[in-house]
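Engineer: Requesting a structural model of the entry that follows:
(chains A and B)
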2 protein chains.
Amino acid sequence: MRKVLLIVALAIVVSLQAASSLNSWEQGTSKQAITAYVDAVTNKESPDFIPIKDRIAVFDNDGTLWAEQPIYFQFFFAMDRVKALASEHPEWKTTEPFKSVLADDMDGVMKRGVPALLEIVNATHSGMDVETFKSEVKAWLKTARHPISKRPYTDLIYQPMMELINYLKANDFKVYIVSGGGIDFMRSFIPELYGIPEEHIIGSNGRVHYEDGKIIKDPEIHFIDDKETKPVAINYVIGKRPVAAFGNSDGDLAMMQYTDANTEHKTFQLYVHHTDGEREYAYDRESHVGRLDKGLDHAKVSGWTIVDMKEEWKIVYPFEL
Amino acid sequence: MRKVLLIVALAIVVSLQAASSLNSWEQGTSKQAITAYVDAVTNKESPDFIPIKDRIAVFDNDGTLWAEQPIYFQFFFAMDRVKALASEHPEWKTTEPFKSVLADDMDGVMKRGVPALLEIVNATHSGMDVETFKSEVKAWLKTARHPISKRPYTDLIYQPMMELINYLKANDFKVYIVSGGGIDFMRSFIPELYGIPEEHIIGSNGRVHYEDGKIIKDPEIHFIDDKETKPVAINYVIGKRPVAAFGNSDGDLAMMQYTDANTEHKTFQLYVHHTDGEREYAYDRESHVGRLDKGLDHAKVSGWTIVDMKEEWKIVYPFEL
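Structural biologist: Numbering: from 1, shown residues only, chains lettered A, B, ... in the order given. Below is the predicted model:
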């Protein structure tokens, strides 16, 4: 009996270790900084100990947890939906920006800038209840393929970051997504793919209203979760300051500064720096998607952790395992 | 050694039972309905079993978890703040609705209606960062006294409902507050008093902006969390339909209907009916605060649980223990 108990106990310990391993990280400065921080704040004897209720970690999604090139994946979803809905909107054949979308003229769409993108999002992300919308996204993710890698978008998540999320969860952190992506879009796949529940996902969102038992999506942008509005959304949904923040672009800088300004607890900030043009994409200061410029300067001055993807990640995607 | 283990195990069982007891509830229809529901949805062998991730329960606050007569307690806070800030605003002496507040003329305030109340809230709930505001509320709660009972407001929570929250938590429900009260006001006392963390508190809120590491409260109402907007807030913050909803007024009806319309799981709805004019207050269809009219009809037709406070609660407040 004692032997059985011992084996059970050992099995539990081993499985906990496996769940919290950072196997895809090289023994570099970033991995060392992560584990040193977590060790310090979870050790009850440490002066930096943080009670479990305050262990709030926030992660950006696009470019931090999955790829975002050549453009945010949600945009491909919107483009595909324009095509799927085109027969119900004959006027789109002659009206921009839909005309360009239907002609697969991406440059034609992009040169019209943000107003055109918002018009496409409004037209394709509304007119149905939230639950139906999520089913649409799920169905799309099953068949859609990334234009360059030709893989399902859900293949293009970063294995080292998934390990990092699990490592933090194993150390009693509550892990939130705080991203510019659409909240309903993200809630369609993140719970199953990352193991992060709907109520820990914060994102941009359109206006909705309640009608006859359902939440209906209206064709109007309500909140863009980016830059200075990330701390605003964190304050509204979480109601306390995070202690750890993870991002990859200038859009995450305010959220990281807000975290860094936590006067109660020791904090941690990490930027994923896209340095790997071979396995992924190499971009920072000049990129239109996920630009990391001010943030990179700020991170260097502040002593934040900057992950060199090329040098510090043994693999990028789970399918390399 | 075995004996010690047995004693430890027994102690754990006893303490869990104590934590999840509904001792202040009479053995009546409401208590029976609550325990029958929880038994059905937490038993793995039951056809009504609900996985833990979906066990979301939402509670209104004013009138459901603490008293709300003669008017919402937050309003007394706002009135006291007008007085505290009066020396910085000499113009208030001659400007309504502040003039009435300073003269303790409650009728003079009330007859001006909602716009006056919003003006008072805007003037008293802004111009500082969120953390400073919460400190102000905490300090106020320590000294302020309820005008009728002369007790601290935090004494006026409903003991049977605190037991219900703990009972649900012990059965792996995630318990959220979804209330018309101000989100920062509620976050100042609910975490400590009810054991519900900041990130599970949803409420009305003013506009805020991020500035220099802080969240600053602006003098503008942003979102009133009442009636049809309660499901909207639940959808935004939680992102899935609750399975159980608890309220006391028509303001909670939409949230309860939204919960009732959950097609995936067995649901539970409960109205606290204020029937006890002696120990608390008796009011429903005609009350200006916490009116329960349409909701009462709807609850009867739908077979929801209606708690008769006078008959079903052994005690109302914790100080009666």
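Engineer: average model confidence for stretch A:249-263?
Structural biologist: Stretch A:249-263 shows a mean pLDDT of 98.
Engineer: Kindly report the same for stretch A:120-135.
Structural biologist: On average, stretch A:120-135 scores 95.
Engineer: what comes up buried for that stretch?
Structural biologist: Within stretch A:120-135, the residues that count as buried by 16 or more other CB atoms under 10 Å in any protein chain shown are A:120-126, A:129-130, A:133-134. All C-beta atoms are positioned from the backbone trio N, CA, C, and that covers glycine.
Engineer: Identify the residues contacting A:N235.
Structural biologist: B:130, B:208, B:215 (CB atoms under 8 Å, 6 or more residues apart in numbering or on different chains).
Engineer: following the one helix or strand it maps to, which helix or strand comes up?
Structural biologist: A:N235 is located in helix A:229-237, with elements delineated by DSSP states H and E. Scanning forward in sequence from helix A:229-237 by DSSP H and E, the next helix or strand is strand A:244-247.
Engineer: Establish whether that next one and chain B are in contact.
Structural biologist: No. Judged by CB under 8 Å from any CB of the partner chain, strand A:244-247 makes no contact with chain B; its nearest approach is 12.6 Å.
Engineer: Count the neighbours of A:Y72 for me.
Structural biologist: 22 (other CB atoms under 10 Å in any protein chain shown).
Engineer: need the contact list for it.
Structural biologist: A:Y72 makes contacts with A:62, A:180-181, A:289, as judged by CB under 8 Å, 6+ apart.
Engineer: give me phi/psi at it?
Structural biologist: Dihedral pair for A:Y72: phi -50, psi 130, per degrees, to the nearest 10.
Engineer: returning to what we had before: would you turn the contacts of A:N235 into CSV with secondary structure and distance to A:D105?
Structural biologist: Formatted as CSV, those follow (DSSP: H, G, I helix; E, B strand; the rest coil; distance: CB to CB, whole Å):
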residue, secondary structure, distance to A:D105
B:V130, helix, 46
B:V208, strand, 41
B:I215, strand, 42
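Engineer: Just the closest of these to B:T229, please.
Structural biologist: B:V208 (17.9 Å; CB to CB).
Engineer: Chain neighbours aside, what residue packs nearest to the residue in the stretch 51-200 of chain A that chain B sits nearest to?
Structural biologist: Closest residue of the stretch 51-200 of chain A to chain B, CB to the nearest CB: A:E198 (3.3 Å). When the adjacent residues along the chain are set aside, A:E198 lies closest to B:G239, with 3.3 Å between them (CB to CB, 6 or more residues apart in numbering or on different chains).
Engineer: so the one you found touches A:I183, yeah?
Structural biologist: Yes. Counting by CB atoms under 8 Å, B:G239 sits close enough to A:I183 to count as a contact (7.2 Å).
Engineer: Show the contacting residues for the spatially most central residue of chain A.
Structural biologist: Residue closest to the average C-alpha location in chain A (CA atoms, centre = their mean): A:N61, at 1.0 Å. Contacts for A:N61 (CB under 8 Å, 6+ apart) come out as A:177, A:179-181, A:186, A:190, A:203.
Engineer: overlap between those and the residues near chain B?
Structural biologist: Applying CB under 8 Å from any CB to these, none is adjacent to chain B.
Engineer: Which ones among those residues map onto strands?
Structural biologist: Among those, the members falling in strands are A:177, A:179-181, A:203 (criterion: DSSP state E).
Engineer: surely A:N23 meets A:L164?
Structural biologist: No. Counting by CB under 8 Å, A:N23 does not reach A:L164; the two are 11.1 Å apart.
Engineer: Looking at those two, which is more packed in?
Structural biologist: Ranked by neighbour count (other CB under 10 Å), A:N23 and A:L164 place A:L164 first, with 27 against 11.
Engineer: residue contacts, the residue nearest to A:E198?
Structural biologist: A:183, A:187, A:198-199, A:201.
Engineer: cool, A:E211 as well?
Structural biologist: No contacts exist for A:E211 under CB under 8 Å, 6+ apart.
Engineer: Distance of the residue nearest to A:E198 relative to B:F73?
Structural biologist: Computed with CB to CB, to the nearest Å, the distance linking B:G239 and B:F73 is 30 Å.
Engineer: near chain B, which residues of chain A show up?
Structural biologist: So chain A meets chain B at A:53, A:56, A:130, A:174, A:183, A:187, A:197-199, A:201, A:205, A:208-210, A:213-215, A:228-229, A:231-232, A:235-240, A:254, A:257-258, A:260-261 (CB under 8 Å from any CB).
Engineer: Quick check: PyMOL command selecting the buried ones in those.
Structural biologist: PyMOL command restricting those to the buried ones, with burial defined by 16+ other CB under 10 Å:
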select buried, chain A and resi 56+130+174+183+187+197+198+199+201+205+208+210+213+214+215+229+231+232+235+236+237+238+239+240+254+257+258+260
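Engineer: hang on, the earlier thing: adding distance to A:L85, write the contacts of A:N235 out as a markdown table.
Structural biologist: Formatted as a markdown table, those follow (distance: CB to CB, whole Å):
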| residue | distance to A:L85 |
| --- | --- |
| B:V130 | 42 |
| B:V208 | 36 |
| B:I215 | 39 |
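Engineer: and chain A, which of those reach it?
Structural biologist: Answer for the contacts of A:N235 near chain A (CB under 8 Å from any CB): B:130, B:208, B:215.
Engineer: beta partners of the last one?
Structural biologist: Yep, that's B:I215 we're talking about. On the basis of DSSP bridges, B:I215 takes part in beta bridges with B:Y210.
Engineer: got a pLDDT number for the residue nearest to the centre of chain A?
Structural biologist: The predicted local confidence for A:N61 is 98.
Engineer: Excluding chain neighbours, what is closest to it?
Structural biologist: Nearest non-adjacent residue to A:N61 (CB to CB, 6+ apart): A:S179, at 3.6 Å.
Engineer: Please tell me the pLDDT value assigned to that neighbour.
Structural biologist: 97.
Engineer: Could you do A:M110 as well?
Structural biologist: 86.
Engineer: for the one 3 residues further on, same thing?
Structural biologist: Listed pLDDT for A:G113 reads 85.
Engineer: Dump the ones in strands among the contacts of A:N61 into CSV; add neighbour count and distance to B:D48 as well.
Structural biologist: Below are these laid out as CSV (neighbours: other CB atoms under 10 Å in any protein chain shown; distance: CB to CB, whole Å):
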residue, neighbour count, distance to B:D48
A:I177, 23, 31
A:S179, 31, 35
A:G180, 24, 39
A:G181, 23, 35
A:G203, 25, 32
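Engineer: out of those, what pair is the most spread apart?
Structural biologist: A:I177 and A:G180 (10.7 Å).
Engineer: joint contacts of those two?
Structural biologist: A:60-61, A:203.
Engineer: Domain-wise, how is chain A divided?
Structural biologist: A:25-71+A:155-320, A:73-143 (automatic domain parsing).
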